[in-house]
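> Sequence and predicted structure, then a few things I'm wondering about:
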Amino acid sequence: MSTDAKNEDLGTEGERRVAPDSGRRAFLRRSGLLAAATAMPGMLAGGRAMAAGGGTHGPADIVMADALELSEWIRLRKVSCREVMTAFLDHIDRINPVVNALVSLQDRGKLLKQADEHDALLARGQYLGWMHGLPQAPKDLTNTAGIPTTNGSPILKDYIPAKDSIMVERMRRSGAILIGKSNTPEFGVGSVCYNAVFGITRNAYDQSRNAGGSSGGAAVALATRMLPVADGSDMMGSLRNPAAYNNVFGFRPSQGRVPFGPTSEVFFQQMGYEGPMARTVRDLAMLLSVQAGYDARTPLSIDQDPAIFTASLQRDFRGARIGWMGDYRGYLPMEPGVLELCQEALKGFEAVGCVVEEVMPDYPMEQLWQTWLTLRHFSIAGVGGGFYADPAKRALMKPEVIWEIEGGQKLGAGDVWQASVQRSKWYETLRRLFETYDYLVLPTAQTFPFDAELHWATEIAGRPMDTYHRWMEVVVGGTLAGLPIVNVPAGFNAEGLPMGLQIIGPAQADLAVLQMAYAYEQATHWVQRHKPALL
């Protein structure tokens with residue numbers, strides 16, 4: 001793996017119709033949200049009732065605030081950047097030892113000095129942007145100048161980049177203060193967040209369970225309020241799976257929406273993207289507005305003004321059509337309760353006026369998996385082959401990474417070409433579905449969060465998994481299509497474990513996907529109503 005590409009995420013029948021008004025009220029009543037809306041209107045408005053009254057905001061207010069709310073307090077100098085930094089660092093001192101989500105934490109004194117410098121800028125009338133003074137801990141796959149970027153690998157445990165990644169550049173420019181990194185599995189490979197450098201990241205809702213991955217540290221830090229917003233990357237669900245497992249929102253943007261780099265190869269790395277995580281969809285969109293936008297160093301990046309994501313997300317969805325793909329009519333094994341919980345969560349779409357219909361893509365799903373294996377082998381072998389070639393470094397790699405690289409080395413040019421042809425056919429299959437449906441929806445995971453000590457799920461519902469990542473096959477379709485996808489919370493099972501739904505939109509319809517997620521959020525409010533017990 002070349003040093004300038006180390007921040008690549010290796011690890012991404014019947015019909016239901018309901019009258020909008022009756023469906024919305026019935027769903028709210030069943031989920032207990034109708035009573036909450038009456039009793040706590042401020043909470044269901046995103047926690048802004050408290051802010052409307054002005055006044056001093058203490059440490060608890062600061063860490064529990066939505067990122068947009070906190071950003072506004074800083075801009076208006078209702079709280080200082082020093083107060084914000086102190087509140088978060090104190091909260092991290094209490095929570096992080098329990099979950100191990102944040103790593104490479106920086107010196108408190110130096111961070112407070114940076115906060116003071118940000119306060120001084122405000123005092124002179126200089127406001128850097130939406131993230132001015134917000135603590136941020138980029139995922140430990142993305143390069144951060146002056147802060148270790150280990151990729152969770154013993155090979156790189158002492159590596160400190162000289163330059164930021166493009167995404168980090170933009171967050172710093174918008175005023176973010178980097179306090180450390182968020183934990184990730186080795187080279188981002190696998191949806192279970194553990195590595196030999198920093199250890200296991202534990203689920204925000206049950207510390208005996210795994211956090212998902214590979215953006216597991218980001219999701220847990222976000223859910224436990226150790227960060228106001230978080231970033232991550234996604235090749236095989238790495239912004240989606242951990243978001244589902246920790247009851248937050250994770251957005252995998254369209255191919256090219258958030259430019260990846262700087263990197264030595266800018267044309268073939270088209271499956272792993274960087275993007276935002278947040279506790280509200282408005283925060284998600286605002287962070288995307290910082291991350292997105294064309295960069296000449298990545299010629300395939302999208303040249304569209306990212307300011308579109310700062311506009312209102314309000315939209316009328318009455319009559320919008322949702323294609324529910326479920327488990328692809330039994331093709332995907334699901335842990336008992338996952339499908340049922342997700343089907344119940346579909347009422348959140350019906351509550352805002354959508355029509356939900358079951359749909360099955362006209363494509364051989366096992367062929368899609370073989371296409372995935374080929375292209376993932378190819379990609380990881382290309383990025384990691386340099387390390388593998390050195391026997392000393394290879395000895396430090398986990399078996400799953402070695403398996404991917406060796407699989408890639410066995411491929412011929414024709415194998416990769418045919419896989420790309422099959423990928424194109426899959427994209428065309430979904431494009432045709434979007435001629436009928438506005439969005440496609442399916443579960444984000446096939447299991448609930450499982451034992452944190454396990455490296456991967458070896459079977460689901462009695463069906464053995466033949467690879468370390470087969471248990472996450474449900475995310476592969478969205479990745480291979482290169483489409484915008486958001487994870488939205490779907491609720492909790494009887495054990496209190498979270499699950500999520502993937503909302504997939506047409507090519508480059510990122511704003512439309514965020515608008516749908518926002519409408520669903522207003523009908524459900526899972527994040528606000530179900531906080532981790534650690535809080």
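On my side now, so go ahead.
> From now on I want contacts and neighbour counts done on CA atoms only, so please keep to that.
Fine.
> Tell me how far the closest residue to residue 67 other than its chain neighbours lies from residue 98.
Leaving aside its sequence neighbours, residue 67 sits nearest to residue 228 (CA to CA, 6 or more residues apart in numbering; 5.0 Å). Plainly put, residue 228 is 19 Å away from residue 98 if you go by CA to CA, to the nearest Å.
> Which one's more surrounded, these two?
In this view residue 228 and residue 98 are compared by other CA atoms under 10 Å, and residue 228 has more residues nearby, 28 against 15.
> just so I have it, where are all the strands in the stretch 151-300 of the chain?
177-178, 181-182, 194-195, 199-200, 230-234, 249-252, 273-278 (DSSP state E, counting those that start in this stretch).
> Of these, which is nearest residue 465?
Checking the strands of the stretch 151-300 of the chain against residue 465 by CA to CA gives strand 194-195 as the closest, at 19.8 Å.
> what's the average pLDDT for that closest one?
On average, the pLDDT along strand 194-195 is 98.
> now do stretch 387-400
Stretch 387-400 comes out at a mean pLDDT of 98.
> buried ones in that stretch?
The neighbour-count check on stretch 387-400 (16 or more other CA atoms under 10 Å) flags 387, 388, 394, 397, 398 as buried.
> List the contacts of that stretch.
Contact partners of stretch 387-400, identified using CA atoms under 8 Å, 6 or more residues apart in numbering, comprise 1, 2, 153, 154, 155, 186, 189, 402, 405, 468.
> Out of the residues you listed, list just those in helices.
Residues of those located in helices (DSSP state H): 402, 405.
> Mark which of the contacts of stretch 387-400 are buried, thanks.
By 16+ other CA under 10 Å, the contacts of stretch 387-400 give 1, 153, 154, 155, 186, 189, 402, 405, 468 as buried.
> quick one: residue 226 and residue 88 touch, right?
Yes: the criterion here is CA atoms under 8 Å, and residue 226 meets it with residue 88 at 6.1 Å.
> who touches both of those two?
With CA under 8 Å, 6+ apart, residue 226 and residue 88 have common neighbours residue 63.
> Compare those two and say which is more crowded by neighbours.
residue 226 (28 against 24).
> For the stretch 351-500 of the chain, just list every one of the helices.
365-389, 391-394, 399-409, 413-433, 476-481 (DSSP state H, counting those that start in this stretch).
> How about the stretch 201-350 of the chain?
216-223, 241-245, 281-291, 338-345, 347-351.
> now those as TSV including mean pLDDT, mean neighbour count and distance to residue 413?
Formatted as TSV, the helices of the stretch 201-350 of the chain follow (pLDDT from 0 to 100; neighbours: other CA atoms under 10 Å; distance: least, CA to CA, whole Å):
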stretch	mean pLDDT	mean neighbour count	distance to residue 413
helix 216-223	98	34	34
helix 241-245	98	34	32
helix 281-291	98	25	34
helix 338-345	98	18	39
helix 347-351	98	26	44
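> In JSON lines, list those along with distance to residue 257.
What follows is those, written out as JSON lines (distance: least, CA to CA, whole Å):
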{"stretch": "helix 216-223", "distance to residue 257": "20"}
{"stretch": "helix 241-245", "distance to residue 257": "20"}
{"stretch": "helix 281-291", "distance to residue 257": "8"}
{"stretch": "helix 338-345", "distance to residue 257": "28"}
{"stretch": "helix 347-351", "distance to residue 257": "26"}
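> Please name whichever of those is nearest to residue 92.
helix 216-223 (8.7 Å).
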